[in-house]
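Asks: Give me a 3D structure for the following:
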Amino acid sequence: MERVDVLVVGAGLAGLHTARRLAERDLSVLVVDRRRSLSTGIRTTGIFVRRTLDDFDLPDHLLGPGVRDVLVYPPSRRSPVRLTSDRDEYRVADMAAVYEHARQAAEAAGARVLLGVRYDGAGPVPARFVIGADGARSRVARELGLDVNRRFLVGAELIHPIAPGGAAPAFHCVLDPRVAPGYLGWVIDDGRHAHVGVAGRPGAMRAGVRHLLEAFASDAPGRPPVAGPVERRGGPIPVGGVLRRLACPGGLLVGDAAGAVSPLTAGGLDPCLRLSELAAEVTADFLRTGDERALLRYDGRALRARFRGRLLMRHAFAGLNFPAAAEAGVALLRHRAGRAAAARVLFGDGSFPDVPVVRPGAPRGGVPRSRP
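Replies: Residues are numbered from 1 along each chain as shown. This is a model prediction of the structure:
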């Protein structure tokens, strides 16, 4: 009977990137995903931050123009605070095309990708090791007895074409607990499509996330006119920080399944790539040596320790439960100290801790910030 070294469950960015790195280490890798097409079931806006763009070889032609301006609005929508960087801080990707590019890269490295295959506690073939890249509510985590996400935001988004030749794109962020309790509403475009979304605490979004999204989108600041059909996205966003127990001799977790999402900004694309690099190295070491001590490097507790500040700020952010509190919070950003703090969050390099990784052919000292 056929047997593979690693079964990766989930063909999102985390799963495909991990599969590619494992195949480059001469392991036999099979990726399965219940979706029949990588263009369906997309849950992310696709915002890549500067640090990710600097460190990873994302295809430039799949990325929209650089975004340097962030406008932060109070609930009243009056007098937003504009923060401007001297560098391109964000670019929005065509995520369906990015997933297909990642699939091709994984297959070129030697991994196999099977779509339309549901994981029910076992894969289509036996595997020595299972990697859960199956999202925020990971079945693999439960099957392996690893930690599971318990704190979430729930989000929804509209994506629609826009007319070409508009103004330079900006990132519009609205702090309004009436439509996005505990988080924010946003508008950003990739030069071809506008992304309009809201997210918040599930228990506080009593009117329903889709209803709140429609209310926000009706007068969202910076939203270009609709120029074609509208696509809808949505789903849970884990914001409890990296989970403590991420690995066992049977497998490990990556991406949203691992809680690898910034508790403060809810960004998960940079963490998923960085953690996938470490996951591939740890998995290869364990399968090569059989020594369970290799798994100790994949320690969620150590990573969590570097997220304490963000977790505390997540609690503070969640406390802006009333429009008056949100108005006061935005007012603080008009002062020098507030602007500096906001710029550090929005334009800083602290998206996810660097993890020392040794790629094939690299010296043993590790290469935490080089391009793959």
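Asks: For the longest helix seen in the chain, name the packing helices and strands.
Replies: Using DSSP state H to assign secondary structure, the helix with the most residues in the chain is helix 269-289. Judged by 3 or more C-beta pairs under 8 Å, 6 or more residues apart in numbering; DSSP states H and E, helix 269-289 is in contact with strand 4-9, helix 13-23, strand 47-49, helix 50-55, strand 127-132, strand 251-253. No exception for glycine: its C-beta is placed from N, CA and C like everyone else's.
Asks: For residue 174, find the nearest of those.
Replies: strand 47-49 (15.6 Å; C-beta to C-beta).
Asks: Mind jotting down where the strands sit in the stretch 51-200 of the chain?
Replies: According to DSSP state E, counting those that start in this stretch, the stretch 51-200 of the chain carries its strands in the segments 69-73, 81-84, 90-92, 112-115, 127-132, 152-161, 171-174, 185-189, 193-200.
Asks: so can I have CSV of the ones you listed showing distance to residue 145?
Replies: Below are the strands of the stretch 51-200 of the chain laid out as CSV (distance: least, C-beta to C-beta, whole Å):
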stretch, distance to residue 145
strand 69-73, 41
strand 81-84, 44
strand 90-92, 38
strand 112-115, 26
strand 127-132, 12
strand 152-161, 21
strand 171-174, 39
strand 185-189, 37
strand 193-200, 30
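Asks: Please name the nearest non-neighbouring residue to the spatially most central residue of the chain.
Replies: Among the residues of the chain, the one closest to the centroid is residue 268, at 1.9 Å (C-alpha atoms, centre = their mean). Computed as C-beta to C-beta, 6 or more residues apart in numbering, the closest residue to residue 268 that is not its neighbour in sequence is residue 261, at 4.0 Å.
Asks: Quick check: the one you found vs residue 114, distance?
Replies: 27 Å (C-beta to C-beta, to the nearest Å).
Asks: Which one's more surrounded, those two?
Replies: residue 261 (27 against 13; other C-beta atoms under 10 Å).
Asks: from what I can see that one touches residue 269, true?
Replies: No. Contact between residue 261 and residue 269 fails when scored by C-beta atoms under 8 Å: they sit 9.3 Å apart.
Asks: Give me the distance between stretch 123-141 and the centre of its chain.
Replies: The chain centroid and the centroid of stretch 123-141 are separated by 19 Å, computed with C-alpha atoms, centre = their mean, to the nearest Å.
Asks: Export that stretch to CSV, keeping only CA atoms.
Replies: The C-alpha coordinates for stretch 123-141 follow below in CSV (Å, rounded to 0.1, in the frame of the first residue of the first chain):
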residue,chain,number,x,y,z
GLY,A,123,-6.2,10.6,4.7
PRO,A,124,-6.6,8.8,1.4
VAL,A,125,-3.2,7.0,2.1
PRO,A,126,-1.4,6.3,5.3
ALA,A,127,1.1,8.9,6.5
ARG,A,128,3.9,9.0,9.0
PHE,A,129,3.0,12.5,10.1
VAL,A,130,-0.1,14.8,9.7
ILE,A,131,0.0,18.6,9.5
GLY,A,132,-3.2,20.5,10.2
ALA,A,133,-3.5,23.5,8.0
ASP,A,134,-7.3,23.2,8.1
GLY,A,135,-8.3,26.5,9.5
ALA,A,136,-9.4,28.1,12.7
ARG,A,137,-11.7,25.2,13.8
SER,A,138,-9.2,22.5,12.9
ARG,A,139,-10.3,18.9,12.9
VAL,A,140,-6.7,17.7,12.8
ALA,A,141,-6.1,19.5,16.1
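Asks: Tell me the spacing between residue 247 and residue 124.
Replies: Going from residue 247 to residue 124 by C-beta to C-beta gives 23 Å.
Asks: What are the buried residues along stretch 131-146?
Replies: Using 16 or more other C-beta atoms under 10 Å as the test for burial, stretch 131-146 gives 131-136, 138-141, 143-144, 146.
Asks: quick one: terminal-to-terminal distance for that stretch?
Replies: For stretch 131-146, the separation between the terminal residues is 12 Å (C-alpha to C-alpha, to the nearest Å).
Asks: ok, which stretches of the stretch 201-350 of the chain are strands?
Replies: For the stretch 201-350 of the chain, the strands defined by DSSP E, counting those that start in this stretch cover 231-238, 247-248, 251-253.
Asks: Adding mean neighbour count, write those out as CSV.
Replies: CSV is the format used below for these (neighbours: other C-beta atoms under 10 Å):
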stretch, mean neighbour count
strand 231-238, 18
strand 247-248, 20
strand 251-253, 29
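Asks: Quick one: closest of these to residue 162.
Replies: strand 231-238 (12.9 Å).
Asks: Does anything pack onto the closest one? Which helices or strands?
Replies: When contacts are defined as 3+ C-beta pairs under 8 Å, 6+ apart, strand 231-238 sits against strand 152-161.
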